[in-house]
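[1] Starting from these lines, generate the structure:
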Amino acid sequence: MKILIADLFSPAGINTLEEEKHEIIYDKNLSGAKLTEALAAHKPDVLIVRSTKVTADDIDANAGLALIIRAGAGYDTIDVAHASSRGVYVANCPGKNATAVAELAMGLIISIDRRLGENYKLQKEGKWAKGLFANCLGLKGRTLGLIGFGNIAQRVAKRALAFEMKVIAYNRSPKTMEGVEVVSTIDEVLAQADIVSLHVPATKDTKNLVNKEFLGKMKPDGVLINTARGTNVVEEDLLAHLEANPNFWFGTDVLNGEPSAKECDWEHPLGMHPRVYGTHHIGASTKQSEDEIGEETVRICQVFAATGSVDDTNWVNRDRTKAKHTLVVKAKRTPAVYGEVFGLVAAHGWTIGESEALMCEGGVAVILKIHGEGPADVTEKLAAHESVLSASVS
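    This next block holds a predicted model:
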């Protein structure tokens, strides 16, 4: 396969792919128009990205593009809907950067509690101000509230418990962990927590989750941590809340409108606020995380090269609508049987979802499993076909 890697990527992963005779084009600085041009010029089978945005124009630039891999977990930087419309697989590496992001979340919590940023700044300025930091509260016994309780949040919880914090968590689908109190609403988290940490994906349900109402339910001297996605926050509401509550703090790794360039001048109203600790979207940027993500990305490429498909755990844009029925057709294997069976089923009013063909030993017969919805009496039509051995619906 020809693979275009448009972001910083594990050298060991590149070596493995090259050893397996894949053609690798590696340019960690590709983005915007340069990425579109590279896709059109090189026509890769596979595109690998980390934080680089993949637009509809990028996807359209190469009709032969078969797979886009997000070397990480979140995939909101990829136009998944357009990829789906073009029959392009989108895959990710869930959980492989969870430890790195959890470490950063805890780092932000500790940094805000002990005002490490101000400590560093004053010392670099040649000033000694021990008295300014005498009232830091400490973490022991304080309550950390987690909104979202997936891979990253669970790792944050383990670390917070080691600091002897009380941990409460809300998740849409309740999950349990020893030592963590699971609550049934976000409001319960906001009412109880001294520190609230966001661990939700970027979806239509989480967009603008943190707004004036949300912030108003937090403690006025609370701390909000966001290592998830910038779109979770209404930034204007957060700025107003910071101004109105002089003891409220915000720690973030993600802001709306982040530059696509790796290095540039950039100012953001939240990033410039004195009670905001911001990092440069570095949640997954550790060598350990890079190696784990690199290994998983290579494995996805290997599976795709061997099977032409992607494992279900990695396949982002698979239609997961559960079919109402499964039609099982056993038939003699002939050159025309596949088209004729599917034609009969469709003509009989069936909406066909996924299907699979299983070959019997010797290649004489095939079992077709067709998932979808339609009239059950399609089996009578199929039974009349000369190549069909049997048909049933469940």
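[2] for stretch 272-281, what is the average pLDDT?
    Averaging pLDDT along stretch 272-281 gives 95.
[3] And for stretch 216-235?
    For stretch 216-235, the mean pLDDT works out to 96.
[4] Let's see it as CSV, backbone CA atoms only.
    Provided in CSV are the C-alpha atoms of stretch 216-235 (Å, rounded to 0.1, in the frame of the first residue of the first chain):
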residue,chain,number,x,y,z
GLY,A,216,-23.5,28.9,37.7
LYS,A,217,-24.0,25.5,39.3
MET,A,218,-20.3,25.2,40.2
LYS,A,219,-18.7,26.5,43.4
PRO,A,220,-17.6,30.1,43.0
ASP,A,221,-14.1,29.1,44.0
GLY,A,222,-14.1,26.0,41.9
VAL,A,223,-11.6,24.8,39.2
LEU,A,224,-12.6,23.6,35.8
ILE,A,225,-10.3,21.4,33.8
ASN,A,226,-10.8,20.6,30.1
THR,A,227,-8.5,18.2,28.3
ALA,A,228,-11.3,17.0,26.0
ARG,A,229,-12.4,19.4,23.3
GLY,A,230,-12.7,23.1,23.0
THR,A,231,-16.2,22.9,21.5
ASN,A,232,-17.4,21.7,24.9
VAL,A,233,-17.1,25.3,26.2
VAL,A,234,-18.9,28.5,25.4
GLU,A,235,-15.8,30.6,25.8
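[5] And it, what's buried?
    In terms of neighbour count (16 or more other C-beta atoms under 10 Å), stretch 216-235 has its buried residues at 218-219, 222-235. No exception for glycine: its C-beta is placed from N, CA and C like everyone else's.
[6] quick one, helices of the stretch 51-200 of the chain?
    With helices called from DSSP state H, counting those that start in this stretch, the stretch 51-200 of the chain shows them at 56-60, 80-85, 98-114, 116-124, 151-162, 186-192.
[7] Which members of the buried residues of stretch 216-235 define the maximum pairwise distance?
    The span of these, defined through C-beta to C-beta, is set by Lys219 and Thr231 at 24.3 Å.
[8] can you list the helices of the stretch 51-200 of the chain in CSV and add mean pLDDT and distance to Val366?
    Shown next, in CSV, are the helices of the stretch 51-200 of the chain (pLDDT from 0 to 100; distance: least, C-beta to C-beta, whole Å):
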stretch, mean pLDDT, distance to Val366
helix 56-60, 97, 34
helix 80-85, 96, 28
helix 98-114, 97, 42
helix 116-124, 94, 65
helix 151-162, 97, 40
helix 186-192, 97, 51
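[9] I'd like to know which of those is closest to Gln288.
    With C-beta to C-beta, the closest approach to Gln288 among the helices of the stretch 51-200 of the chain belongs to helix 98-114: 6.7 Å.
[10] What residues of the closest one count as buried?
    For helix 98-114, the neighbour count (16+ other C-beta under 10 Å) marks 98-109, 111-113 as buried.
[11] In a strand, Val298, correct?
    No. Counting by DSSP: H, G, I helix; E, B strand; the rest coil, Val298 falls outside a strand, being helix.
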